[in-house]
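Peer 1: A predicted structure for the sequence below; I have some questions about it.
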Amino acid sequence: MKLQISFDMVDLEQALEVAKHVAPYADILELGTPLIYRNGIVAVEKFKNAFPDIALLADTKIVDRGRDIVSLFAKAGANWLTVMAGTNKNVIHAACTAAGELNIKIMIDLLDSSSLAQSALEAKNLGASALLFHQPFDEQEALVVMDKWDMITGNASLPIYASGRIDKSTIANFLAMKPYGLVIGKSITETAQPAQQAEFFHKLCTEGS
């Protein structure tokens, strides 16, 4: 199971400093949307310079102008970009096509999907490389979460990453879902000992594979 560590702060230098401590445990370093909005492609360029051998995902949440945005971030050094499942299929396809031409990958974010099953079914044909299921795991709504998860896994032929306030109290629930990867942010990056937290979650992901 892969570990994707998300940096959702806006301070780029702070993010880079934390990343130095957690990078050894990350399969993917995610530049969160707030970090991208505040710093643009400079964030990608600086992360790529600091961590040239680790895959970088820019959480761009593309909904329009997919080809242009893909080109911009690919040239800056991103290996992955996110596109929203709810946007026009032509936009998704254009972004995925451009990504393929530039040798990078697209992760479809299912957060705004009107039909999880349909989005999961169509993603591969549109050219995507992975799906992102973003759902906080509330024990009171566990059945709802699992119903959504089953709709996705029952129709997907792509790797699925799971995200949603993952911490030590909820990690077991997410591991039981057996996703291809987990996306963890503040529970690692905004703690007093990020390296130890990253190592803890990385070990669980490795054991859960």
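Peer 2: Noted; the coordinates are in hand. Numbers count the residues shown, from 1 in each chain.
Peer 1: Longest strand of the protein, counting residues only.
Peer 2: Longest strand in the chain by number of residues, with DSSP state E as the criterion: strand 55-62.
Peer 1: Please put the alpha-carbon coordinates of it into CSV.
Peer 2: These are the backbone C-alpha positions of strand 55-62, laid out as CSV (Å, rounded to 0.1, in the frame of the first residue of the first chain):
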residue,chain,number,x,y,z
ALA,A,55,7.0,11.5,-7.3
LEU,A,56,5.3,14.8,-6.9
LEU,A,57,1.5,15.3,-7.1
ALA,A,58,0.1,18.8,-7.6
ASP,A,59,-3.5,18.9,-6.3
THR,A,60,-4.6,21.2,-9.1
LYS,A,61,-8.3,20.0,-9.1
ILE,A,62,-8.6,20.8,-12.8
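Peer 1: Parallel or antiparallel, list what pairs with that strand.
Peer 2: When sheet partners are counted by DSSP bridges, strand 55-62 sits next to strand 28-31 (parallel), strand 80-84 (parallel).
Peer 1: helix/strand/coil for the closest residue to residue 133 other than its chain neighbours?
Peer 2: Excluding the flanking residues, the one nearest residue 133 by C-beta to C-beta, 6 or more residues apart in numbering is residue 162, at 5.0 Å. (Glycine included, C-beta is placed from N, CA and C.) When classified by DSSP: H, G, I helix; E, B strand; the rest coil, residue 162 comes out as strand.
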